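In: The following block contains a protein sequence and its predicted model.
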Amino acid sequence: MRGRNGSTSAENGNGASSLLTIVGESAQIAGKFKVADSIQIDCEIGGELSVGRQLVISEKGVVKANVQTVGAVIHGIYEGTMVATGEVEIASTGHVSGHIETNSLIIAKGGVFTGNVTKLEDTRVSAAAPPVGDWPVAVRGTQDTATA
């Protein structure tokens, strides 16, 4: 396992956020994790994961966990239930199985999603807003827009 990637945040004193990276192709980690900033995962993680900013699952990364995050970019494998207040992107190499609750889901051409997606409830949404489940899902790499 490796800590900070590069010299950011407290290391250079400028207050910029850091990226925690967990590496090791054969590493398997299970438990309950809370990360205040962003995290990149290059191994297998299971359990529960709470991320204060961005979750990045690399092509070699496997996450089998319930996740709470601001945003996520999935290049590897994700299985579980994810709640993301920001954008979730499934890259062309990404494979997702489970439930995603977010306001923005992007699936790149070649990306795989099996499961269901729910629009995050926003208490500020007006009565004229479309009902939950009736919102567009953008698919990058094509010209068509699917409706979930």
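Out: Received, thanks. Residues are numbered from 1 along each chain as shown.
In: For the rest of this, base every contact and every neighbour count on C-alpha atoms.
Out: OK.
In: So which residues of this protein form strands?
Out: Applying DSSP state E to the chain gives strands spanning 2-4, 19-35, 38-51, 54-57, 62-69, 71-74, 77-84, 87-90, 95-102, 104-108, 112-119, 136-140, 146-147.
In: Would you list the phi and psi of Thr85?
Out: Backbone geometry at Thr85, expressed as degrees, to the nearest 10, gives phi -80, psi -20.
In: Make 549 the starting number, not 1.
Out: Yep, numbering from 549; the last one is Thr633 now.
In: Skipping adjacent residues, who's closest to it in space?
Out: Counting by Cα to Cα, 6 or more residues apart in numbering, the nearest residue to Thr633 once its immediate chain neighbours are dropped is Val618, at 4.8 Å.
In: Tell me the spacing between that neighbour and Gly658.
Out: 24 Å (Cα to Cα, to the nearest Å).
In: Comparing those two, which shows the higher neighbour count?
Out: The residue with more neighbours, out of Val618 and Gly658, is Val618; 20 against 15, by other Cα atoms under 10 Å.
In: Could I get the phi/psi values of the more buried one?
Out: Dihedral angles of Val618 (phi, psi; degrees, to the nearest 10) stand at phi -80, psi -50.
In: I figured it hits Met630, correct?
Out: No: counting by Cα atoms under 8 Å, Val618 stays clear of Met630, with 10.2 Å between them.
In: circling back to that earlier point, can you redo the strands of the chain as CSV with mean neighbour count?
Out: Listed next are these as CSV, based on neighbours: other Cα atoms under 10 Å:
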stretch, mean neighbour count
strand 550-552, 12
strand 567-583, 15
strand 586-599, 21
strand 602-605, 24
strand 610-617, 22
strand 619-622, 24
strand 625-632, 22
strand 635-638, 22
strand 643-650, 19
strand 652-656, 20
strand 660-667, 16
strand 684-688, 17
strand 694-695, 10
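In: In JSON lines: those strands, plus mean pLDDT.
Out: Formatted as JSON lines, these follow (pLDDT from 0 to 100):
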{"stretch": "strand 550-552", "mean pLDDT": "42"}
{"stretch": "strand 567-583", "mean pLDDT": "80"}
{"stretch": "strand 586-599", "mean pLDDT": "94"}
{"stretch": "strand 602-605", "mean pLDDT": "96"}
{"stretch": "strand 610-617", "mean pLDDT": "96"}
{"stretch": "strand 619-622", "mean pLDDT": "97"}
{"stretch": "strand 625-632", "mean pLDDT": "97"}
{"stretch": "strand 635-638", "mean pLDDT": "97"}
{"stretch": "strand 643-650", "mean pLDDT": "96"}
{"stretch": "strand 652-656", "mean pLDDT": "95"}
{"stretch": "strand 660-667", "mean pLDDT": "94"}
{"stretch": "strand 684-688", "mean pLDDT": "45"}
{"stretch": "strand 694-695", "mean pLDDT": "42"}
